[in-house]
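Engineer: Below are the sequence and a predicted model; questions follow.
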Amino acid sequence: MERQEILNLMNEIQEKRGRKKVENEEVLLSEIGFRSLDFSELALRVERSFGGELPFDAVALREIRTAKSVLDFLEEAVKSA
Amino acid sequence: MLDLALDNKIAIGQKTYSWHDFNSIATDCFALISDSKSPLAIIVDDTNHALQYLLSLFKFDLDGIIIFRTRYTQAVEDLLIENCYSILDSKNSKWIFKTDSVIVNKRISLLTSGTTGTPKLIHHSWDSINTSSNISTINRRTWLLPYQIGTYAWFQLVTLSMFSKNQNLVIDDVMDFEKMFQRAYEHDVNAISATPTFWRMACMQVPDSVLKSINFIQISLGGEIVDSSILKLLKEMYPNARLTHIYASSEAGASIVVNDGLAGFPESFLASENKQSINLKIENGILYVHSKFAAINALDEAGWVNTRDRVEIQNGRVFIKGRADSSMINVGGSKAYPSDIESVLMSHESVDWCRVRAVRAPFIGYLPEVDIKISIDSKTDDIEKELISFCQDKIPDYAIPRVWNFVTTILISDTLKTDLIV
């Protein structure tokens, strides 16, 4: 699954919730209102899109602060799933 | 009659006891409850009291339930009194409520809130709650026990230690993950039974070096859906451990044991009666269990327990997909009620019908999912966005559905339950 597809899904969630889309990957999640529930929804959409289960990398999860880190995490998770 | 494994050790905090020790230190408990004429509910704050009273219930063949203090609500007290229980507070050995007027049934009971949040009593016998009786050979194990007092999973390990030789326990009443693993190391723990959420929390809070310092040879998982990501994580972290996941509930008992390291269970389990006298079947997508370990008051006329868990068969394996009639969804620790969500959605002029349920979601456990039929007269371009916005000031954010399935027809099935065509 391509990074752009994951970003599109992330922006769909933002849009449905009436929030700003991600224009700059360095943006802090707290600035665009993207929270753990949104992250879980995004991960679920990614899982459904590629038809598998994402692995759980606790250390990487702890580091998530920006849109970039969300995309990095999910891109990597899809690759290793 | 079951025999106590008196020499098994139980490490609680800094002290270590044997069941033999508990036989001596529980004499005050024995004196207090041994001549009870009614079912007994014992409210406890810690493992030490829980085990002393549990031993007392066993020793005098009494009808009772052990309730952890945080679960003792007004609704629970009402339920106990309604069911003629005498209620004892173990903290001061005082009776909160006492009755002498009923026959004792020799049951050991559990409290479950099920999916509704409404407390319910589930009754077992010592034989049905002690599932270790089914295992012919049990190697020496020291188990880390992280479950809350009085839960079904807690009983599984406690009864294992009570009745099976060479099964020791390490218990900490304070849920401090790092401390728990350090104590596990000190006590040479080599086995654990815990939920996937326990492991996810532990991985977030405990350094890898501490986690990997434990030489687990047996890891049992249960209490929640076990997916392949958690199995993979544990397999990598503990390559020498046997990974077992167990499908169990207070009502159905421990019913399915899977040792092949894969999520779900083999479809072949449905086909024939297995050695443990447990039968499984699927009806209308729901799993049913017929087991000698099931609760006394959870059976239908033919002896089956409707687990209310939705299952799906994929590539020869059966996967648990979530609750069929979930009345409560645990969204990362917050409780969302489908009936509340449905009622808000139904108040929107474009909604003809909807049904909300839990869907398993990565990292957080569950999210609300809705099947929804929109009126053909609806003029809104983006109905999903419109409904999310409509919900926003009416229900908490975590309760707003995250997965929306728009359906076109609602059908009524033979069982007179709503069914649908997507």
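Structural biologist: Yep, it's here.
Engineer: Checking the closest residue to B:Ala26 other than its chain neighbours next. Helix, strand or coil?
Structural biologist: With C-beta to C-beta, 6 or more residues apart in numbering or on different chains as the criterion, B:Ala26 has its nearest non-adjacent residue at 3.9 Å, and that residue is B:Gln52. Every C-beta, even on glycine, is put in place using the N, C-alpha and C of the backbone. Under DSSP: H, G, I helix; E, B strand; the rest coil, B:Gln52 falls in the helix class.
Engineer: Can you give me the neighbour number for B:Gln52?
Structural biologist: Using other C-beta atoms under 10 Å in any protein chain shown, B:Gln52 has 21 neighbouring residues.
Engineer: Quick one: name the residues of the stretch 51-200 of chain B near chain A.
Structural biologist: B:Arg200 (C-beta under 8 Å from any C-beta of the partner chain).
Engineer: give me the residue from the stretch 51-200 of chain B nearest chain A.
Structural biologist: Nearest residue of the stretch 51-200 of chain B to chain A: B:Arg200, at 6.5 Å (C-beta to the nearest C-beta).
Engineer: Hmm, B:Phe363 and that residue touching each other?
Structural biologist: Yes: in this structure B:Arg200 lies within contact range of B:Phe363 using C-beta atoms under 8 Å: 7.5 Å.
Engineer: Looking at these two, which one has more neighbours?
Structural biologist: B:Arg200 (19 against 16).
Engineer: got a pLDDT number for the more buried one?
Structural biologist: On pLDDT, B:Arg200 comes in at 75.
Engineer: mind checking which helix or strand it is in?
Structural biologist: Element membership of B:Arg200 [criterion: DSSP states H and E] is helix B:196-205.
Engineer: Show residues contacting that helix.
Structural biologist: With contact meaning C-beta atoms under 8 Å, 6 or more residues apart in numbering or on different chains, helix B:196-205 is reached by A:56, A:58, A:61-62, B:146, B:177-178, B:181, B:211, B:221, B:223-227, B:230, B:233-234, B:363, B:365.
Engineer: Among those, name the ones in strands.
Structural biologist: Under the assignment DSSP state E, the contacts of helix B:196-205 contribute B:221, B:365 to strands.
Engineer: about what we covered before: spit out the residues that contact B:Arg200 and B:Phe363 alike.
Structural biologist: Counting by C-beta under 8 Å, 6+ apart, the common neighbours of B:Arg200 and B:Phe363 are A:Phe56.
Engineer: Tell me how many other residues crowd residue 48.
Structural biologist: As the question left the chain open, I've gone with chain A. For A:Arg48, the count of nearby residues is 12 (other C-beta under 10 Å).
Engineer: my bad, chain B
Structural biologist: Using other C-beta under 10 Å, B:Asn48 is surrounded by 20 other residues.
Engineer: Kindly report the residues of chain A close to chain B.
Structural biologist: Proximity of chain A to chain B, by C-beta under 8 Å from any C-beta, involves residues A:15-18, A:36-37, A:39-41, A:43-44, A:47, A:53-56, A:58-59, A:61-62.
Engineer: how about a cut-off of 6 Å?
Structural biologist: Within chain A, the residues that sit near chain B (C-beta under 6 Å from any C-beta of the partner chain) are A:16, A:37, A:40-41, A:43-44, A:53-56, A:58.
Engineer: Mind checking which of those residues are in helices?
Structural biologist: A:16, A:37, A:40-41, A:43-44, A:58 (DSSP state H).
Engineer: Among those, which one has the most neighbours?
Structural biologist: The most crowded member of those, judged by other C-beta under 10 Å, is A:Glu41 (25 neighbours).
Engineer: What segments of chain A are helices?
Structural biologist: Counting by DSSP H, one finds helices in chain A at the ranges A:3-16, A:29-32, A:36-50, A:58-62, A:67-80.
Engineer: Just give me the residue closest to the centre of chain B.
Structural biologist: For chain B, the residue nearest the mean C-alpha position is B:Gly223 (4.5 Å; C-alpha atoms, centre = their mean).
Engineer: Tell me which residues touch that residue, please.
Structural biologist: The neighbours of B:Gly223, taking C-beta atoms under 6 Å, 6 or more residues apart in numbering or on different chains as the test, are B:153, B:195.
Engineer: Now it. Its backbone dihedrals?
Structural biologist: B:Gly223 adopts backbone torsions of phi 90, psi -20, taken as degrees, to the nearest 10.
Engineer: what does B:Thr307 give?
Structural biologist: Per-residue torsions, B:Thr307: phi -70, psi -20 (degrees, to the nearest 10).
Engineer: where's it relative to B:Ala295, distance?
Structural biologist: Applying C-beta to C-beta, to the nearest Å, the value for B:Thr307 to B:Ala295 is 12 Å.
Engineer: And A:Ile32, by the same measure?
Structural biologist: Using C-beta to C-beta, A:Ile32 is found at 48 Å from B:Ala295.
Engineer: And the two? Which one has more around it.
Structural biologist: Neighbour count, other C-beta under 10 Å: between A:Ile32 and B:Ala295, B:Ala295 has more, with 25 against 19.
Engineer: Next up, the contacts around that one.
Structural biologist: Applying C-beta under 6 Å, 6+ apart, the residues near B:Ala295 are B:122-124, B:251.
Engineer: Tell me which of these fall in helices.
Structural biologist: Among those, no member lies in helices (by DSSP H).
Engineer: what ranges of the chain fall below the confidence cut-off?
Structural biologist: Going with chain A. Nowhere does chain A drop to pLDDT under 70.
Engineer: meant chain B, my bad for not saying
Structural biologist: In chain B (pLDDT under 70), the answer is B:1, B:104, B:113-117, B:134-137, B:272-276, B:325-327, B:410-422.
Engineer: need the contact list for A:Met1.
Structural biologist: A:50, A:78.
Engineer: how about the spatially most central residue of chain A, what does it touch?
Structural biologist: The centroid of chain A falls nearest to A:Val70 when counting by C-alpha atoms, centre = their mean (4.3 Å). Counting by C-beta under 6 Å, 6+ apart, A:Val70 touches A:Ile64.
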